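# this one's structure only:
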């Protein structure tokens, strides 16, 4: 059975107490670890004379060479530990992002009380880019043809002043559309849906916020 290398013999010439303590921890880890697998016969037997650099290393004192090897192992262990911490663990104090909570829901109805059409705007949370995401669901409106379309608008004094997007609806059932508004919503008073008539090149309000 091979005797483990003596730490004090390897450390002869290393004067720094801090450096010796650090190398002592690495030495103890190496001694406690399992021995490496044996080399194959092809690798164990040298195939060529040593290189010139290898010959030059032979004159180094054995103890100094042992200390150099321990320093190398310490650097390798430190690099492995840093990679493990960075790659496999979440940074402390930075929880994973959670979905944005449901925002305000705005309801729109036609001015004609006998009309059963309706719409809702589910407003998301304002992004860091200044955009407001929203999901608009419309039901009960007629499917448009001939270049006509509907538009979602923001209003002031009861009149639409800016458009958030245009859309059409399916012939039956509800239609859901995703839109984005880049306006400061505090500068407006409400919401409306308008119908643009291509033939007359004019639009009219068909729904307003309730």
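Structure's in. What do you need? Remember, predicted model here, so these are calculated numbers, not experimental data.

# list the contacts of the residue nearest to residue 195 when sequence neighbours are not counted.
Counting by CB to CB, 6 or more residues apart in numbering, residue 206 is the residue found nearest to residue 195 once chain neighbours are left out, at 4.9 Å. (Glycine included, C-beta is placed from N, CA and C.) Going by CB atoms under 8 Å, 6 or more residues apart in numbering, residue 206 touches 110, 117, 141, 150, 193-195.

# bridged to residue 194, which residues?
Residue 194 has these beta-bridge partners by DSSP bridges: residue 151, residue 205.

# ok, and the closest non-adjacent residue to residue 146?
Leaving out its chain neighbours, residue 146 is closest to residue 198 (CB to CB, 6+ apart), at 5.7 Å.

# all the helices of this structure, in order from the start?
7-10, 17-32, 41-44, 52-57, 62-88 (DSSP state H).

# where in the chain is pLDDT low?
1-15, 27, 29-102 (pLDDT under 70).

# how about a cut-off of 80?
For the chain, the stretches with pLDDT under 80 are 1-103, 111, 113-114.

# outline the domain layout of it.
7-88, 105-209 (automatic domain parsing).

# run a quick neighbour tally on the residue nearest to residue 146.
12 (other CB atoms under 10 Å).

# ok, what's across the strand from residue 120?
Where residue 120 sits in a bridge, its partners, by DSSP bridges, are residue 107, residue 137.

# since we're on it, how many residues are nearby?
Using other CB under 10 Å, residue 120 has 15 other residues around it.

# out of the contacts of residue 206, who's nearest residue 167?
Distances from the contacts of residue 206 to residue 167 were compared by CB to CB; the smallest belongs to residue 150, at 5.5 Å.

# which residues touch that closest one?
Here residue 150 is in contact with 138, 141, 144, 166-169, 193-196, 206 (CB under 8 Å, 6+ apart).

# return the members of those classed as buried.
For the contacts of residue 150, a neighbour count by 16 or more other CB atoms under 10 Å gives the buried set as 138, 141, 144, 167, 169, 193-196, 206.

# pick out the most distant pair among those.
138 and 196 (14.9 Å).

# tally of neighbours for residue 116?
Using other CB under 10 Å, residue 116 has 10 neighbouring residues.

# contacting residues for it?
Counting by CB under 8 Å, 6+ apart, residue 116 has contacts residue 140.

# quickly note the distance from the residue nearest to residue 146 to residue 147.
Distance, residue 198 to residue 147, by CB to CB, to the nearest Å: 3 Å.

# and if you look at residue 113?
Taken as CB to CB, the span from residue 113 to residue 147 is 30 Å.

# could you do residue 197 as well?
In terms of CB to CB, residue 197 sits 9 Å off from residue 147.

# between the two, who's got more neighbours?
Between residue 197 and residue 147, residue 197 has the larger neighbour count (other CB under 10 Å), namely 14 against 10.
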